[in-house]
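Peer 1: One predicted model, sequence on top.
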Amino acid sequence: MLGVRSTAAEPPGTPGGPDGPATARDAVRAVDAELRRFLDAGRRRADGTDPVFARDVADRVADLVLRGGKRLRAAFVWCGWAAAGGSGDVTPVLRTGAAIELVQACALIHDDVMDGSPLRRGAPSVHTGLARAHEAARMTGSAETFGAFGAVLAGDLALAWADDLLTETAIGSPYGHRLAVEWRAMREEMVAGQYRDLHAQATGARELDDALTVATLKSALYTVERPLALGAALAGADGPVVAALRAAGRCAGLAFQLRDDLLGTFGDPALTGKPADDDLRTGKLTCLLAVGAGLAGASGDRESAAALAPAPAGPSDGAVRRARAALERTGARSVVESTIHELASAALRHFDLIGADPLVRREFAALVERAAGGGARSAGEAA
């Protein structure tokens, strides 16, 4: 593994089974319905505020959210609630899942601006769409600047909507304070991860510790650990259950980010909905890149070290190809692939300590397999 540590937890008593959606897939469908209701209301409010704002900003946010995505975070919210013995009205769980998908929209919109990504979920990114609208309308000034500034505002709106929905949910829940504490920490960690990502690009960082910090803040906590904890908070869980969920979420979240690193360098744009070389072109510090640079330095492979070094003026097509080849040649791709499987298996071991219903364990294992790209099995299952 890449120096990643996880913590164990003692098994608690078996929590009660969940009511409402019977599977994560059912929960995601219900969250989608909740999102449509909330976004329809948001669009109507925006139109009452200003029709131009509604058309150019609110509609774009809603369209991005409803265009798809893995919905992993919403699924993990339900999974944390179910694993912690949640029962009764599932509406707060669904609304929390919808709120975190709106936070994800904010993160994607802003991330695309910072990375200069032209595509998101198989369509033009928000800043790209706004720039094209600027050009089509023959507005004055820079289309790129207009698109970037408008996208920042669109991301702000997505976050405001997320906070509105979460606040309404917390007010109506007996566990609202616990929910709010987890939510506050998640938002701050997400912003910290985005900034550390930006800082690493600006400094040309290539150290694995820096890459793991970014991956943990930007993905492991935000994608899996906090969603599981948000769900558990709505079930009133604490102690060993939450500790086991956090450990499982940290491992699964890192596995997810490492898989995303591989897809960001070797993925098929037709399947990922975004260019395969964005990470290399923007000089983004990933664990994959840090491992490759470390292996190249340790082996004295100067050619690979040079190919993976920061490019001051931005890499050419040839430089991107050489960097991709170096990640193969140094064995970095293989190391990261192996670490993904180790982390995914560790996540399932931690989750099994909770003593959740077998159906919930199977659902969690399926979610980890989706996030990590397969290869993980729950303890006790057939190999």
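Peer 2: Arrived safely, thanks for sending.
Peer 1: quick one: the closest residue to Arg322 other than its chain neighbours from Asp115, how far?
Peer 2: Using C-beta to C-beta, 6 or more residues apart in numbering and skipping the chain neighbours, the partner closest in space to Arg322 is Ala307 (4.2 Å). Backbone N, C-alpha and C define where each C-beta goes, glycine included. Taking C-beta to C-beta, to the nearest Å as the measure, Ala307 falls 21 Å from Asp115.
Peer 1: any idea where the helices of the stretch 151-300 of the chain begin and end?
Peer 2: 176-203, 208-215, 226-234, 240-266, 269-272, 278-282, 287-299 (DSSP state H, counting those that start in this stretch).
Peer 1: Go through those and name the closest to Phe351.
Peer 2: Closest approach to Phe351 among the helices of the stretch 151-300 of the chain (C-beta to C-beta): helix 240-266, 4.2 Å.
Peer 1: Can you list the low-confidence ranges for the stretch 101-250 of the chain?
Peer 2: Applying pLDDT under 70 to the stretch 101-250 of the chain flags no residue at all.
Peer 1: my guess is Ser125 contacts Leu119, does it?
Peer 2: Yes: Ser125 is within contact range of Leu119, at 6.1 Å (criterion: C-beta atoms under 8 Å).
Peer 1: For Arg368, give me its contacts.
Peer 2: In this structure residue 368 is Val, not Arg. Taking C-beta atoms under 8 Å, 6 or more residues apart in numbering, we find Val368 in contact with 252, 255, 344, 347-348, 376.
Peer 1: what separates the residue nearest the centre of the chain from Ser304, distance-wise?
Peer 2: Taking C-alpha atoms, centre = their mean, the centroid of the chain lies closest to Thr223, which sits 4.3 Å from it. According to C-beta to C-beta, Thr223 stands 30 Å off from Ser304.
Peer 1: ok, now Ala107?
Peer 2: 32 Å.
Peer 1: With Leu230 instead?
Peer 2: From Leu230 over to Ser304 (counting by C-beta to C-beta), the distance is 42 Å.
Peer 1: who's more crowded, these two?
Peer 2: Leu230 (27 against 24; other C-beta atoms under 10 Å).
Peer 1: The more buried one is in contact with Ala185, isn't it?
Peer 2: No: with contact defined as C-beta under 8 Å, Leu230 does not reach Ala185; the gap is 10.1 Å.
Peer 1: list the helices and strands the strand or helix carrying Asp26 packs on?
Peer 2: Per DSSP states H and E: Asp26 is located in helix 24-49. With contacts taken as 3 or more C-beta pairs under 8 Å, 6 or more residues apart in numbering; DSSP states H and E, helix 24-49 sits against helix 59-66, helix 72-83, helix 91-115, helix 143-171, helix 358-372.
Peer 1: what number of residues lie near the residue nearest to Lys70 when sequence neighbours are not counted?
Peer 2: Counting by C-beta to C-beta, 6+ apart, Arg370 is the residue found nearest to Lys70 once chain neighbours are left out, at 6.9 Å. Counted with other C-beta under 10 Å, residues neighbouring Arg370 total 16.
Peer 1: Okay, Arg370 and Gly318: tell me how far apart.
Peer 2: 35 Å.
Peer 1: still on that earlier bit, residue contacts, the residue nearest to Arg322?
Peer 2: Contacts of Ala307 (C-beta under 8 Å, 6+ apart): 319, 322-323, 325-326.
Peer 1: name the element it belongs to?
Peer 2: helix 302-308.
Peer 1: what sits against Leu72?
Peer 2: 223-224, 227, 256, 367, 370-371.
Peer 1: if we can go back for a sec, the residue nearest to the centre of the chain against Phe256, yeah?
Peer 2: Yes: the criterion here is C-beta under 8 Å, and Thr223 meets it with Phe256 at 5.4 Å.
Peer 1: thought Ile109 was touching Asp156?
Peer 2: No: using C-beta under 8 Å as the test, Ile109 is too far from Asp156 to be in contact (9.0 Å).
Peer 1: Pick out whichever of those two has more residues nearby.
Peer 2: Between Ile109 and Asp156, counted using other C-beta under 10 Å, Ile109 has the larger neighbour count: 26 against 15.
Peer 1: Find the residue closest to that one in space, skipping its chain neighbours.
Peer 2: Nearest non-adjacent residue to Ile109, counting by C-beta to C-beta, 6+ apart: Gly155, 3.9 Å away.
Peer 1: Just confirm the one you found contacts Met114, I think it does.
Peer 2: No: here Gly155 lies out of contact with Met114, judged by C-beta under 8 Å, at a distance of 10.5 Å.
Peer 1: more neighbours, those two?
Peer 2: Gly155 (25 against 15).
Peer 1: what sits against that one?
Peer 2: By C-beta under 8 Å, 6+ apart, Gly155 lies in contact with 105-107, 109-110, 113, 126.
Peer 1: Leu198 now?
Peer 2: Met114.
Peer 1: How much space separates it from Glu328?
Peer 2: 28 Å.
Peer 1: Same question for Lys218.
Peer 2: Going from Lys218 to Glu328 by C-beta to C-beta gives 25 Å.
Peer 1: which of these two has more neighbours?
Peer 2: Shown here are Lys218 and Glu328; by other C-beta under 10 Å, Lys218 has more neighbours (24 against 14).
Peer 1: Isn't that one up against Val191?
Peer 2: No: using C-beta under 8 Å, Lys218 makes no contact with Val191, being 9.5 Å away.
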